[in-house]
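[1] got a predicted structure here, sequence first:
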Amino acid sequence: MAVGIFDSGLGGLTVWNAVAQQLPDQPLVYLGDNANAPYGVRDADDVYNLTTKAVERLWQEGCDLVILACNTASAAALRRMQESWLPKDKRVLGVFVPLIEALTERQWGDNSPPREVAVKHVALFATPATVASRAFQRELAFRAVGVDVEAQSCGGVVDAIEDGDMILAEALVRSHVDALKRKMPKPEAAILGCTHYPLMQDTFQDALGQDVRVFSQANLVAASLQDYLNRHPNMRGAGTVAKFLTTGDPKRVSARATQFLRKDIQFQAA
Ligand code: DGL
């Protein structure tokens, strides 16, 4: 019954945490490719190769369904994986669509033509690779018209979080928000388009101002996974053991994960 959750590193734990709360009886196998993080500065081929390898590792744990809890992998690799790589009995889901459905006030599976939505000025904060892919703008254009998106590529933030340097991460977030505001002085909504960024959500909100609605993915992805599993109970997979795997140093990664989630998380070598 295991479902896999994958990220380049620690950021996907924000999604893991929400899923574990929403589906307490569902065994989850988390895989962080910490040895190769960050993905956000890699090219699309590189992200594709690392992501497919990680997903294959999760299949070995009996996970037929894998959530890419990584926007960079979702943006740079997911479509190619679904089109030409994924076997028929496996599924890989990304983290973009639930977020865009929330922003555009749509229910799951509403494929009606794009329409006007309440928010007109949206700030997108994401990794350089996600911004370069324009995947967010593409998905949004399928669903909404007249939304002005200003994307800010947030170089350095993932590295600082992976290193546990939260002072640097905070300084970088503030400077990226300043840069965004120079291009779009009054966003109505902001998307945290990287699963590491909810770990800095208070800083984003403070720097943006309390009147900006900040969307982050964890709860949206958890709700959408629950809905998906209700409709596809056979995708729960054969694995039964919950665990945390990393390609990095398990001791170091466990310490950071425990610090971020404020609960004991023990990783083992992938
Ligand atoms: N958490 C990943 C994301 O959502 C971070 C990518 C990276 O490793 O740069 O994009």
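    Thanks, I have the structure now.
[2] for the protein, what spans make up the helices?
    Along the chain, the segments classed as helices by DSSP state H run 13-22, 44-60, 71-76, 78-84, 96-103, 128-133, 135-143, 157-162, 166-183, 201-208, 218-231, 250-261.
[3] hmm, who's touching the worst-scoring helix or strand of the chain on mean pLDDT?
    Across the helices and strands of the chain, mean confidence by mean pLDDT, DSSP states H and E is lowest for helix 96-103: a mean of 88. Applying C-beta atoms under 8 Å, 6 or more residues apart in numbering, the external contacts of helix 96-103 come out as 71, 74-75, 107-108, 110, 117, 119, 122, 135-136, 139-140, 143-144, 189, 191, 193, 215, 217, 220-221, 223-224. Any C-beta I mention is one placed from the backbone N, CA and C, and that applies to glycine too.
[4] sorry, back to before: the helices of the chain into JSON lines, with extra columns for mean neighbour count and distance to the ligand?
    Shown next, in JSON lines, are the helices of the chain (neighbours: other C-beta atoms under 10 Å; distance: least, C-beta to the nearest ligand atom, whole Å):
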{"stretch": "helix 13-22", "mean neighbour count": "22", "distance to the ligand": "9"}
{"stretch": "helix 44-60", "mean neighbour count": "18", "distance to the ligand": "9"}
{"stretch": "helix 71-76", "mean neighbour count": "31", "distance to the ligand": "4"}
{"stretch": "helix 78-84", "mean neighbour count": "15", "distance to the ligand": "12"}
{"stretch": "helix 96-103", "mean neighbour count": "20", "distance to the ligand": "10"}
{"stretch": "helix 128-133", "mean neighbour count": "22", "distance to the ligand": "6"}
{"stretch": "helix 135-143", "mean neighbour count": "18", "distance to the ligand": "11"}
{"stretch": "helix 157-162", "mean neighbour count": "24", "distance to the ligand": "4"}
{"stretch": "helix 166-183", "mean neighbour count": "17", "distance to the ligand": "13"}
{"stretch": "helix 201-208", "mean neighbour count": "17", "distance to the ligand": "14"}
{"stretch": "helix 218-231", "mean neighbour count": "18", "distance to the ligand": "11"}
{"stretch": "helix 250-261", "mean neighbour count": "17", "distance to the ligand": "12"}
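[5] quick one: closest of the ones you listed to A2.
    Closest approach to A2 among those (C-beta to C-beta): helix 44-60, 8.5 Å.
[6] give the contact list for the nearest residue to V55 once chain neighbours are set aside.
    The shortest distance from V55 to any residue other than its chain neighbours is 5.1 Å, reached at V66 (C-beta to C-beta, 6 or more residues apart in numbering). By C-beta under 8 Å, 6+ apart, the residues touching V66 are V3, G4, I5, F6, V55, L58, W59, K90, R91, V92, L93.
[7] from the residues you listed, which land in strands?
    Mapping the contacts of V66 onto strands (DSSP state E) picks out V3, G4, I5, F6, R91, V92, L93.
[8] name the residues linked to the second one by a beta bridge.
    It refers to G4. Applying DSSP bridges to G4 yields these beta-bridge partners: V29, V66.
[9] so it touches Q60, yeah?
    No: assessed by C-beta atoms under 8 Å, G4 is found out of contact with Q60, at 9.9 Å.
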